[in-house]
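Participant: predicted model, plus sequence, below.
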Amino acid sequence: MNFLEKRIREDGIVKEGNVLKVDSFLNHQMDIRLFKQMGQEWKRRFADAPINKILTIEASGIGIAAVASEYFDVPVVFAKKSKSINIEGEMYTAEVESFTHKCRNQVIVSKKFLGPEDHVLIIDDFLANGCALQGLISIVQQAGASLEGIGIAVEKGFQQGGRVIRNLGYRLESLAIVESMDAQTGEIVFREQD
Ligand code: 5GP
């Protein structure tokens, strides 16, 4: 069991509706020492990739991406959730449906901060159905940038996102993959990784 799986076992709470609450260390209160370990681990896994930019999505991706950027020594761009419509031309845009909040958001990234010269690592906290990730991938494609890989903290392996993204041929490194979880007993089973 790796450091993140151990922490999820200790402090994660399994909720009804396939939701894993990790707000005591990941996406509300943040354990920066843990984030540093995550950043180091992604750096180790993507050591051979010529990454020059990290892309994430607000809000909960920002903290982990910011800490990870220390190890890659590259800037972080975060996709903003936006209601405004009068932005065509200056922005890349994508539609993202939120798994936890059950609503649709438009996310935007300024064309100033992403372009064909960029080699991008996408980082996010969770991968469930993959909607957030598909939105970020679409933004990388619109920019004509190269997607070097995707770093996820917690993948819920029993939802479709990870399978879909891997089948598309992207390099996806999830630090913890939850194979199954039970809201009644609180039991969490992780997928074996090398
Ligand atoms: P997806 O778009 O892959 O369905 O969901 C990804 C987003 O939904 C993540 O960025 C995360 O904010 C949120 N999310 C999905 N599943 C969970 C969960 O089990 N727990 C928490 N805390 N957030 C989740």
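Facilitator: Thanks, I have it. Small disclaimer: the values here were computed from a predicted structure and weren't measured. Residues are numbered from 1 along each chain as shown.
Participant: check contacts around the most centrally placed residue in the chain.
Facilitator: In the chain, the residue lying closest to the centroid (C-alpha atoms, centre = their mean) is D124, at 1.5 Å. By C-beta atoms under 8 Å, 6 or more residues apart in numbering, the contact list for D124 reads 56-57, 60-61, 64, 132-133, 136, 150-153. From N, CA and C alone the C-beta is placed, and that goes for glycine too.
Participant: likewise for D23?
Facilitator: Taking C-beta under 8 Å, 6+ apart, one finds Q29 in contact with D23.
Participant: element containing it?
Facilitator: In this structure, D23 sits in neither a helix nor a strand according to DSSP states H and E.
Participant: tell me which parts of the chain are close to the ligand?
Facilitator: 19-22, 27, 60, 98-100, 124-133, 156, 161 (C-beta under 6 Å from any ligand atom).
Participant: among those residues, which ones are in helices?
Facilitator: Using DSSP state H, the subset of these located in helices is 60, 131-133, 161.
Participant: what is the nearest of those residues to G115?
Facilitator: Ranked by distance to G115 (C-beta to C-beta), these are led by L133 at 20.6 Å.
Participant: what's the local residue count around the closest one?
Facilitator: Other residues within reach of L133, judged by other C-beta atoms under 10 Å, total 24.
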